[in-house]
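Trainee: Okay, here's the prediction I keep looking at, along with the sequence it came from:
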2 protein chains.
Amino acid sequence: MSDRKEFRDLATPDAAHDAIASLDLSPEPETVPLEDARGRVLAERVDAAIDVPGFDRASMDGYAVRARDTFGADEADPAELDLIGAVHAGAAPEVTVDPGACAEISTGAVMPEGADAVVMVERTDELGGAGEGADGEPDRIAVRTAVAPGDHVMSAGADIAAGARALGPGTRLTPREIGLLSALGVDEVPVEGKPRVGIVSTGDELVRPGEPLDPSRGEIYDVNSTTIAAGVAEAGGEPVLYPHAGDDYDEMERLLRRAADECDLVLSSGSTSASAVDVIYRVIEERGDLLLHGVAVKPGKPMLVGRLDRGGSDADGTVPRTGESAYVGLPGYPVSALTIFRTFVAPAIRKAAGQPEPATATVEGRMGVSERYGEGRMRLMPVGLLDLGDDGFPLVYPVDKGSGATTSLVEADGVVAVDPDTEYLDRDERVTVQLFSPDVRPPSLLGVGEDDPALNRLLDRLENPRYLPVGSREGLRRLRDGVPDVAVVAGPTDREIESVDLGGWTREWGLVVPAGNPADVTGAEDLIDRDLRFVNRPTDSGIRRSLDDELDRIAGERSTTRSDLAESVSGYGLTVRAFESPARKVMAGDADVGLGLRETAERLGCGFVSLGEQSVVVCAAPDRTDRDAVRELSTALEDPADLLDGLAGYSRNSRNEP
Amino acid sequence: MSDRKEFRDLATPDAAHDAIASLDLSPEPETVPLEDARGRVLAERVDAAIDVPGFDRASMDGYAVRARDTFGADEADPAELDLIGAVHAGAAPEVTVDPGACAEISTGAVMPEGADAVVMVERTDELGGAGEGADGEPDRIAVRTAVAPGDHVMSAGADIAAGARALGPGTRLTPREIGLLSALGVDEVPVEGKPRVGIVSTGDELVRPGEPLDPSRGEIYDVNSTTIAAGVAEAGGEPVLYPHAGDDYDEMERLLRRAADECDLVLSSGSTSASAVDVIYRVIEERGDLLLHGVAVKPGKPMLVGRLDRGGSDADGTVPRTGESAYVGLPGYPVSALTIFRTFVAPAIRKAAGQPEPATATVEGRMGVSERYGEGRMRLMPVGLLDLGDDGFPLVYPVDKGSGATTSLVEADGVVAVDPDTEYLDRDERVTVQLFSPDVRPPSLLGVGEDDPALNRLLDRLENPRYLPVGSREGLRRLRDGVPDVAVVAGPTDREIESVDLGGWTREWGLVVPAGNPADVTGAEDLIDRDLRFVNRPTDSGIRRSLDDELDRIAGERSTTRSDLAESVSGYGLTVRAFESPARKVMAGDADVGLGLRETAERLGCGFVSLGEQSVVVCAAPDRTDRDAVRELSTALEDPADLLDGLAGYSRNSRNEP
């Protein structure tokens, strides 16, 4: 391990921003068809090349007249004019309006020669009788009002005239700008180019989603490539995913060089493999510059910034590209990679693409808990948000599951930059949250507690909830600490937390065994007395609590202690995270018996030995019961029958009847 | 005209929402590759199908040990363990850790059999000397700390376990959700479909952008099709533009039927041609239902809502579609069409696509002026916004250029729904603005006044300004009324408005004549004394004011009045909107002389007869000089030389020296 790079002299976050700002990511402007222009940014000013409208047009339905002919006309004494024809929109006028004449005209039609005003149809009468023409159409019109020259006429260029400034450079094209460009007849638009951003994966263990995975070799799916590619596209860049090089370092070097040739920016997400990092160093040292190496920000220690010289030609081989590509190496853990990308890289891509950061990319919040920190460097703290919908700022709470957890990606909504000098963030202190994406919508409801299949259905019926399956015990603890709206509690609890019972159901729990129960397990005593490999759930889970109670009962019968009994169960201390996990261990042949639900056993085709029923109760924090989202949850709970439909072992809990 | 449809019994806006809500626009869910999933909405819950990680993994670089072997170890008394090999990420462990042994392990690597904890490399020492192996590698490790089972190990499924709920239905997929799906190995995602929205143009006068236009036939470019198509895409639909049918009503009928067959929703934007409307009625009456006809909202009178029965097969002919398509007829004027689309149709498309309305689609503001209204129906008032960047809400001001003006599209930012009972909106009254698009960014600076080519350059240097070329006189009036930040004033003014002079320049003005000045025009006297066709600018423009002063001077010499002189100029009352327009009339042979700038004449290759210089001054409202955008403008004005570079007749105005 002596060859591992050490990170000394970490750069300040500002120096990292400066280093990235010093790189040139800007692509050439390009021209796109109008129908593809939405969301792009004008690279140059667009002036009107034509008058809009291109002709003097009627802006009402009525009669085109010489205004002078109507002077003095009113209801009592209308002016009578000869009707000489009609002009319709989209047709050239075939008449000339001489003094004493008028022509029927439609909105949008070209004003005929001679006419200088339009009288609204509502202020006229068709004159029949002697004046009526042979075809039954009137040939005289009474005008009951005077009009001035220009009345109800939009003159050529009155909307926008040739030569006038229509849209400035830097304008983001939304539907309305596309409308104005259409009015000007523009069907191709000069826009800022999208920076090409190459993404190179450098981990031996990484497998692309959709491909087969071999966990025994330590393989995991590549999270960063797709996450960062989506982030690049969102920031206005064009992501280019390069194939995995696996553990072939020559190939990795070749890919890095190719990416530099083809892209404006190359990103790699730090491999945990020291050799891969060495390849990156070698390529940068041989063919580029390393601008900085490690940033004094948690989690920015492994961040690299540099340049890669180009030496080849671009993707399709037609345009040889010279100069250099920017390079940024991101940390390997997904939340860290997204955090560093969002903080340092996405702003640079937006700038190069001419795209402003959306207003929704940042929200103000207030700490829902207090938080200590004191590592002497800036911390980009992943946080979740909960908008209580009151007048206050949304609640902010740290999400710290260890940066290796991909679930932090969806349990956190963004990061708070905590200054190196800040050792303590107080509850209710105001903080600024940089959302992971401007499209991130903080959840409407935050729940914590037991995991449960009926609960999953309930959550599906709510609008944008967040649920953290931390177990019943931990759920109650968090409810007490004041951040979540509700805790879901299964089985017996020893915590007395003030809360409001919104309803719930009953579930049957017990031992999951292989189909047909080959070992003929009949109860918890078999775990104690026989040599069966057992898989348990964590002590925070309500189902474990029920099993502990069962062991207490047996210990009472045998005049011993639960811990003594537990000692004799092979695997009592082996706990797995989710409600299906023990059953899956049993199915995989890794265990003989697992703690679980009848629902899970039947759904997965396992055998099941019932040990009892336990209630599952949704408890709301007393100060949250008036929130819309909590009411919505409460309403959804009112008819649990439908919710429990087809779930084996589930029933309505009589104590939770509405 | 007797066959024109009358709109009676207008529906309420709520009834219109209800009618549209009663239509079924929802497409079938579809499955898309993960790389195309950003911005889409999950159609169903995604549960984890695998454990993440799929194996017990080291979460630090260090040594995999049996925790029991380290019990009691500390700095003073380290435990010494045999180093039996190494395990790297992405490789299957080839060693088993027996009691007294350890294995080097990299972050992310599979825990070897026997080991149950990892000691961080920082808490260990390699032991050299006698224990060192033949290859120079250490073969014993001193462990200076005790670890508990599970320390620095992430157990299989600890991040997310198979069977656990990962993402709920209705989740909008941003980069982080794409990251979690990647971690689960998901490469295809079930998402809500995009409603197909057909757009049928029904105006004889409409020409697609990019095609040649014949203004003499009253042709205009089709604004609504592209605007609404962009709006459909923005709301999560898939727009389908149908070709223009021109004035062939059989073809129009065929297109409407085809659109109904192929789409979930068909939109047409109201033609000004009564016959086209009749075709739509006929098709709906023969093959559908008309649900409502005209809404009591300005500008919703011509709005239609209905259903069109399907009778054919879809676009590629493979999937015959039955049932019915929704139909909404939009008004014809662009701002009206976009307003009705945004208010009534876009929400329905979003709902069908499962997309929530972005938070940025609506902003709170306060009226910058007072506004009277009293037509007895709801008004969707187009408004502009100006965010002053202070603590208050942005200023809101009505934009009422007549709904036929396409420039209103970019001069307004959205609409305020004014209740039928509201006759008066007071200045500072709080209003809610529905932006035309969630991507609309209100301008940072609002300027009004004279149009000028140097000013256009200045505007190009600013970030997101808005400038309304209303003329110097009207500009000063608006500055006094308190909405704009700055007014740009050219030539003499008679208004005394309190303002702060930020700088400016001088421009040469005079008479634009054909190249070579064939009529040998020498001054304004020629306009009066000779039979020349003249084109003027409006009285609000500063350049017109200078010409009026010149006529006053001549009138003084001749002991007559300016109006007498003006009477004798052919075309003195003929005014055109923009600074280039008179020159363009001269170039087109429609006039002999036009009022204009030397800059315009030289750029367009015309002749020019100078009548003098006039100053152009940028005046700021006194209470706006501290705004960032105004300071930015002021800074850009400090070096006008660069700004005026190459502009003929422009010079630095001595009275505006910084």
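Mentor: The structure has been received and is ready for your questions.
Trainee: For chain B, what's the nearest residue on the stretch 501-650 of chain A?
Mentor: Closest to chain B within the stretch 501-650 of chain A is residue A:580: 2.9 Å, counting by CB to the nearest CB. (C-beta placed from N, C-alpha, C; glycine too.)
Trainee: Just to check, that residue is in contact with residue B:162?
Mentor: Yes: counting by CB atoms under 8 Å, residue A:580 does reach residue B:162; the two are 6.2 Å apart.
Trainee: Could you check which of these two is surrounded by more residues?
Mentor: More crowded of residue A:580 and residue B:162, by other CB atoms under 10 Å in any protein chain shown: residue A:580, with 29 against 20.
Trainee: okay, now the residue nearest to that one when sequence neighbours are not counted: neighbour count?
Mentor: Excluding its sequence neighbours, the residue lying closest to residue A:580 (CB to CB, 6 or more residues apart in numbering or on different chains) is residue B:163, at 2.9 Å. Using other CB under 10 Å, residue B:163 has 23 neighbouring residues.
Trainee: so how far is residue A:585 from residue B:163?
Mentor: Separation of residue B:163 from residue A:585 (CB to CB, to the nearest Å): 12 Å.
Trainee: which helix is the longest one in chain A?
Mentor: Looking across chain A with DSSP state H, the single longest helix is helix A:542-558.
Trainee: So which bits of the worst-scoring helix or strand of chain A on mean pLDDT are buried?
Mentor: Ranked by mean pLDDT, DSSP states H and E, the weakest helix or strand in chain A is helix A:274-286, scoring a mean of 75. Within helix A:274-286, the residues that count as buried by 16 or more other CB atoms under 10 Å in any protein chain shown are A:276, A:277, A:279, A:280, A:281, A:283, A:284.
Trainee: Also stretch A:483-495?
Mentor: Residues A:483, A:484, A:485, A:486, A:487, A:488, A:489, A:490, A:491, A:493 are the ones in stretch A:483-495 that count as buried (16+ other CB under 10 Å).
Trainee: Farthest-apart pair in those, please.
Mentor: A:483 and A:491 (23.1 Å; CB to CB).
Trainee: before we move on, back to that, just checking, the residue nearest to residue A:580 touches residue A:579?
Mentor: Yes: judged on CB under 8 Å, residue B:163 makes contact with residue A:579 at a distance of 6.9 Å.
Trainee: Mutual contacts of the two, please.
Mentor: Contact criterion CB atoms under 8 Å, 6 or more residues apart in numbering or on different chains; residues shared by residue B:163 and residue A:579: residue A:600.
Trainee: hang on, the earlier thing: can you tell me which of the buried residues of helix A:274-286 lies closest to residue A:534?
Mentor: Of these, the one sitting nearest to residue A:534 (CB to CB) turns out to be residue A:276, at 40.7 Å.
Trainee: Show me where chain A dips below the pLDDT cut-off.
Mentor: Within chain A, the ranges that satisfy pLDDT under 70 run A:1-8, A:128-137, A:246-247, A:270-276, A:312-321, A:401-403, A:495, A:653-658.
Trainee: so residue A:260 sits right up against residue A:306, yeah?
Mentor: No: shown here, residue A:260 and residue A:306 do not form a contact pair, counting by CB under 8 Å, at 10.4 Å.
Trainee: shared neighbours of the two, which are they?
Mentor: With CB under 8 Å, 6+ apart as the test, residue A:260 and residue A:306 both reach A:288, A:327.
Trainee: who has more neighbours, those two?
Mentor: Ranked by neighbour count (other CB under 10 Å), residue A:260 and residue A:306 place residue A:260 first, with 29 against 24.
Trainee: What sits closest to the more buried one if chain neighbours are left out?
Mentor: Per CB to CB, 6+ apart, closest to residue A:260 is residue A:308, 3.6 Å.
Trainee: show me what contacts residue A:383?
Mentor: Each residue near residue A:383 by CB under 8 Å, 6+ apart is listed here: A:365, A:396, A:397, A:398, A:399, A:412, A:413, A:414, A:415, A:416, A:431, A:433.
Trainee: List the contacts of residue A:62.
Mentor: Contacts of residue A:62 by CB under 8 Å, 6+ apart are A:104, A:105, A:118, A:119, A:120, A:121, A:122, A:123, A:124, A:152.
Trainee: got the residues of the stretch 351-500 of chain A near chain B?
Mentor: A:356, A:358-360, A:401-402, A:404-407, A:409-410, A:436-437, A:439-441, A:451, A:456, A:459-460, A:462-465, A:467, A:469 (CB under 8 Å from any CB of the partner chain).
Trainee: Pull out the buried members of these.
Mentor: By 16+ other CB under 10 Å, these give A:356, A:358, A:360, A:401, A:404-407, A:409-410, A:436-437, A:439-441, A:451, A:456, A:459-460, A:462, A:465, A:467, A:469 as buried.
Trainee: so how far is residue A:201 from residue A:23?
Mentor: Counting by CB to CB - residue A:23 and residue A:201 are separated by 21 Å.
Trainee: okay, those two: which has more neighbours?
Mentor: residue A:201 (24 against 21).
Trainee: what's across from the more buried one in the sheet?
Mentor: Per DSSP bridges, the residues bridged to residue A:201 are residue A:269.
Trainee: same thing with residue A:595?
Mentor: Beta-bridge partners of residue A:595, as defined by DSSP bridges: residue A:511.
Trainee: give me every residue that touches it.
Mentor: A:509, A:511, A:512, A:534, A:535, A:536, A:537, A:543, A:544, A:547, A:582.
Trainee: And the helices in the stretch 501-650 of chain A?
Mentor: Under the criterion DSSP state H, counting those that start in this stretch, the stretch 501-650 of chain A contains helices at A:524-529, A:542-558, A:562-567, A:581-587, A:598-604, A:628-638, A:640-644.
Trainee: Mind checking those for the one nearest to residue B:328?
Mentor: Between residue B:328 and the helices of the stretch 501-650 of chain A, the tightest spacing by CB to CB is seen for helix A:628-638, at 30.3 Å.
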